[in-house]
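In: Predicted model, plus sequence, below.
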Protein chains: 2
Amino acid sequence: MRNIKFVLSYDGTDFKGWQTQPDCRTVQETLENAIKEITGEKVHVLGSGRTDAGVHAVGQVANFRTSSRLTPDAFLRAVTTKLPEDICIREASEVDYSFDSSRHAVRKLYRYIILDSPLKNPFMRKYAFRCKHRLDARKMAEACKAFLGTHDFHSFETNWPNRNTSIRTILHISVNRVGEFIWVDIEADGFLYNMVRSIVGTLIQIGRDRWPVDCVKKILEAQDRMEAGPTAPPEGLYLMRVSYE
Amino acid sequence: MRNIKFVLSYDGTDFKGWQTQPDCRTVQETLENAIKEITGEKVHVLGSGRTDAGVHAVGQVANFRTSSRLTPDAFLRAVTTKLPEDICIREASEVDYSFDSSRHAVRKLYRYIILDSPLKNPFMRKYAFRCKHRLDARKMAEACKAFLGTHDFHSFETNWPNRNTSIRTILHISVNRVGEFIWVDIEADGFLYNMVRSIVGTLIQIGRDRWPVDCVKKILEAQDRMEAGPTAPPEGLYLMRVSYE
């Protein structure tokens, strides 16, 4: 058996997220069906993490074991012909049999795109969160520095079973504006459920001048989800990159 | 009766074009239904021109006559609440009763976006035409100059009833590349049916080195649609701006 690694991008709009569920169109099942059409095998495609319904990926990583003898490049070309237009395999490679795209990930980078405009933008409605209120991106950039480093992010997670700890390390966080777009980049050694979206929901409160720039430290210390901002909607979120040793 | 002018943008993906047709979701009917919900009137919304199924608009212009006393700004806000997310009214104004957004248009600007990439881009699949072949944008920019000025564009029109003449004047045409995107801007005093898309289909033949850079003059002179390139697909086309005296 061999172990094949894919780097994937997908438009999350029409998927009910990554993970296979009954009667839902998911990324995992779509990939597994496409691979089955090529190899005849019912493989299990393991993703670096689950993305929720409507969340996009530019650089999701997944792997699967196969007895097929196809080269990685032949896999890429053959499986691509069986995939719908909203998923793309960007790279394929053969990896050590023990490689696990979820457990072995050491860093992930997410991007969240906000469009702060009083006007609807028909073209971005599925690709950015439109905030009707103008945001002060400089205050958001100043406030986000308090997230850097190792903290208990319990205030920024939605309850989720099987988590031992909510301590994570944010290696990079930045807020930038170009025109009416603000994007928030967060790279960490791991993410809790809804962590990016609740961090962004909090930064939006600060950008709207509803909460002070220095509120983040207190929210982290409270270890209470009710202290942080709301979970920002999925359409602005992109999994950009997953890194391994 | 008053005459109200709208500047509209819409994502053409889920519309069967501008013009009302039985059992189809069209931009015209969607607007007329939204206005009816506000004023109770069955108005006729006249567009500056019909856009085809899948074609987008950033600055379409339309007008309608109404007995409502709402100010243009109140119209904009009220009708917006009745519109789906893929149409946006960007501006509303009151115009002379005789104003006709179709007959009085003196210039229109269209943009066509090409993504020349061997890789699928899941996010742009409805917003640009993906050409699998790498294109030489400099040759396309050089070739496009032959379209400038007044010509009989019969070689670049799909047959369409009720046209007296296929002579039009192209005031501006340019081809630019940024990264993997090439966009073609064409401004003219009017356009024939499928004119932009057949000009782009021709420029793509030149960009692929299938046809020489100097072929445009001969194609124009032939006055034969079979001499020009194929009609490029709708998803790359945007109506950017309509100008009036």
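Out: Here it is on my side, so go on.
In: can you tell me the helix or strand for A:V184?
Out: Using DSSP states H and E, A:V184 maps to strand A:181-188.
In: on contacts alone, who are the packing partners of that strand?
Out: Counting by 3 or more C-beta pairs under 8 Å, 6 or more residues apart in numbering or on different chains; DSSP states H and E, the packing neighbours recorded for strand A:181-188 are strand A:105-116, helix A:137-144, strand A:167-178, helix A:195-207. Where C-beta positions appear, they are placed from N, C-alpha and C, glycine not excepted.
In: starting at the chain centroid, how far to the longest one?
Out: This means helix A:195-207. Distance of helix A:195-207 from its chain centroid, counting by C-alpha atoms, centre = their mean, to the nearest Å, is 15 Å.
In: mean confidence for that helix?
Out: Computed over helix A:195-207, the mean pLDDT rounds to 96.
In: Can I get it as PDB, trimmed to CA atoms?
Out: In PDB, the C-alpha atoms belonging to helix A:195-207 read as follows (Å, rounded to 0.1, in the frame of the first residue of the first chain):
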ATOM      1  CA  MET A 195     -11.500  29.900  16.900                       C
ATOM      2  CA  VAL A 196     -10.700  32.000  13.800                       C
ATOM      3  CA  ARG A 197     -14.300  33.000  13.400                       C
ATOM      4  CA  SER A 198     -14.700  34.100  17.100                       C
ATOM      5  CA  ILE A 199     -11.400  36.000  17.000                       C
ATOM      6  CA  VAL A 200     -12.600  37.800  13.900                       C
ATOM      7  CA  GLY A 201     -16.000  38.400  15.500                       C
ATOM      8  CA  THR A 202     -14.200  40.000  18.400                       C
ATOM      9  CA  LEU A 203     -11.900  42.200  16.200                       C
ATOM     10  CA  ILE A 204     -15.100  43.400  14.400                       C
ATOM     11  CA  GLN A 205     -16.500  44.700  17.700                       C
ATOM     12  CA  ILE A 206     -13.200  46.600  18.200                       C
ATOM     13  CA  GLY A 207     -13.200  47.900  14.600                       C
END
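In: after that helix comes which helix or strand?
Out: Assignment by DSSP H and E places the next element after helix A:195-207 at helix A:215-222.
In: Can you mark which positions in that next one are buried?
Out: A:C215, A:V216, A:I219, A:L220 (16 or more other C-beta atoms under 10 Å in any protein chain shown).
In: chain center to that helix: distance?
Out: Computed by C-alpha atoms, centre = their mean, the chain-centroid distance of helix A:215-222 equals 24 Å.
In: hmm, back to that, the helices and strands packed on strand A:181-188: which one's closest to chain B?
Out: Taking C-beta to the nearest C-beta, strand A:105-116 is the member of the helices and strands packed on strand A:181-188 nearest to chain B, at 11.3 Å.
In: what lines up beside that closest one in the sheet?
Out: strand A:129-131 (parallel), strand A:181-188 (antiparallel), strand A:237-244 (antiparallel) (DSSP bridges).
In: Spell out which parts of chain A neighbour chain B.
Out: By the rule C-beta under 8 Å from any C-beta of the partner chain, the part of chain A lying against chain B is A:9-11, A:56, A:80, A:85-88, A:90, A:119-123, A:125, A:127.
In: Next step: the residues you listed restricted to strands.
Out: Among these, DSSP state E puts A:S9, A:Y10, A:H56, A:I87, A:C88, A:R90 in strands.
In: Mind picking the two most distant members of those residues?
Out: Spatial extent of these (C-beta to C-beta) is set by the pair A:H56 and A:R90 at 13.6 Å.
In: shared neighbours, the two?
Out: Counting by C-beta atoms under 8 Å, 6 or more residues apart in numbering or on different chains, the residues touching both A:H56 and A:R90 are A:S9.
In: Please identify which of these two sits among more neighbours.
Out: Higher neighbour count among A:H56 and A:R90: A:H56, with 26 against 15, using other C-beta atoms under 10 Å in any protein chain shown.
In: residues touching the more buried one, list them.
Out: A:H56 makes contact with A:S9, A:Y10, A:D11, A:G12, A:T13, A:Y127, A:E235, A:L237, A:Y238, A:L239, B:F123, according to C-beta under 8 Å, 6+ apart.
In: likewise A:M124?
Out: By C-beta under 8 Å, 6+ apart, the contact list for A:M124 reads A:L115, A:R130.
In: The same query, at a cut-off of 6 Å, please.
Out: Residues in contact with A:M124 (C-beta atoms under 6 Å, 6 or more residues apart in numbering or on different chains) are A:L115.
In: can you check A:H133 too?
Out: With contact taken as C-beta under 6 Å, 6+ apart, A:H133 is in contact with A:R208.
In: Tell me which residue is most central in chain A.
Out: Chain A has A:L239 as the residue nearest its centroid, 3.3 Å off, counting by C-alpha atoms, centre = their mean.
In: Need the outlier residue of chain A, farthest from its centre.
Out: Using C-alpha atoms, centre = their mean, the residue of chain A lying farthest from its centre is A:R69. It sits 31.6 Å away.
In: Mind splitting chain A into its structural domains?
Out: Using automatic domain parsing, the domains assigned to chain A come out as A:2-95, A:107-244.
In: right, so of those domains, which gets closest to B:D136?
Out: The nearest among the domains of chain A, by C-beta to C-beta, is domain A:2-95 at 24.8 Å.
In: what's the first-to-last distance across that closest one?
Out: 8 Å (C-alpha to C-alpha, to the nearest Å).
In: and it, how far from the chain's centre?
Out: Here domain A:2-95 is found 16 Å from its chain centre; the criterion is C-alpha atoms, centre = their mean.
In: pLDDT of that domain, averaged?
Out: 96.
In: Then stretch A:226-245?
Out: Mean predicted confidence for stretch A:226-245 is 95.
In: The residue nearest to A:K42 when sequence neighbours are not counted: what secondary structure?
Out: Excluding the flanking residues, the one nearest A:K42 by C-beta to C-beta, 6 or more residues apart in numbering or on different chains is A:K36, at 5.9 Å. Using DSSP: H, G, I helix; E, B strand; the rest coil, the structure places A:K36 in helix.
In: who touches A:G47 in this structure?
Out: Counting by C-beta under 6 Å, 6+ apart, A:G47 has contacts A:W18, A:A62.
In: Look up the residues forming beta bridges with it.
Out: A:G47 forms beta bridges with A:A62, as assigned by DSSP bridges.
In: Can you tell me how far it is from B:A188?
Out: For A:G47, the distance to B:A188 (C-beta to C-beta, to the nearest Å) stands at 49 Å.
In: Kindly report the same for A:A105.
Out: From A:A105 to B:A188 the distance is 53 Å (C-beta to C-beta).
In: No further queries at this time; thank you.
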